[in-house]
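Asker: Compute the structure for the input listed below.
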Amino acid sequence: MKKLYRSNSNRMIAGVIGGLAEYFNIDATIIRLLFVVLLFITGFLPLTLAYIVAIFIIPNEREIY
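Answerer: Alright, predicted model coming up:
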């Protein structure tokens, strides 16, 4: 079973997007670009808050293994 976690090796800020990329087996750059595009479309606040909440909800990779 796959587990969602914040990546330790593929992180820019907190590893949330890197963890999502590893979970869905997609290149992290694609998810980062999609995140930036959606950030501008939604007006910054919703995705910024979602990212901050994800930092606290999604466990770090070290805590999983």
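Asker: drop to CA atoms for contacts and neighbour counts, all remaining ones
Answerer: Noted.
Asker: A50 versus I58, what's the distance?
Answerer: I58 sits 11 Å away from A50, going by Cα to Cα, to the nearest Å.
Asker: any low-confidence regions in the chain?
Answerer: Within the chain, the stretches with pLDDT under 70 are 65.
Asker: can you give me the strands in it?
Answerer: Here the chain has no strands by DSSP state E.
Asker: residues shared between the contacts of I58 and A50?
Answerer: Common contact partners of I58 and A50 (Cα atoms under 8 Å, 6 or more residues apart in numbering): none.
Asker: The two: who's more crowded?
Answerer: I58 (15 against 10; other Cα atoms under 10 Å).
Asker: Setting aside sequence neighbours, what's the nearest residue to that one?
Answerer: Y5 (5.6 Å; Cα to Cα, 6 or more residues apart in numbering).
Asker: need the contact list for that neighbour.
Answerer: Shown in contact with Y5 (Cα under 8 Å, 6+ apart): 16, 19-20, 58-61, 64.
Asker: if you set the cut-off to 10 Å instead, what comes out?
Answerer: 15-20, 22-23, 54-55, 57-64 (Cα atoms under 10 Å, 6 or more residues apart in numbering).
Asker: give me the number of residues near the closest residue to R32 other than its chain neighbours?
Answerer: Nearest non-adjacent residue to R32, counting by Cα to Cα, 6+ apart: I17, 6.7 Å away. I17 has 25 neighbours, counted by other Cα under 10 Å.
Asker: surely I17 meets T29?
Answerer: Yes - judged on Cα atoms under 10 Å, I17 makes contact with T29 at a distance of 9.0 Å.
Asker: So for those two, which residues contact both of them?
Answerer: F35.
Asker: can you pull out the helices in this protein?
Answerer: With DSSP state H, the ranges of helices along the chain come out as 16-24, 28-42, 45-57, 61-64.
Asker: what's the spacing between F44 and G19?
Answerer: For F44, the distance to G19 - Cα to Cα - is 21 Å.
Asker: Tell me which of the two has more neighbours.
Answerer: G19 (25 against 12).
Asker: what's near enough to touch the more buried one?
Answerer: Counted by Cα under 10 Å, 6+ apart, G19 has contacts 3-11, 25, 28, 58-61.
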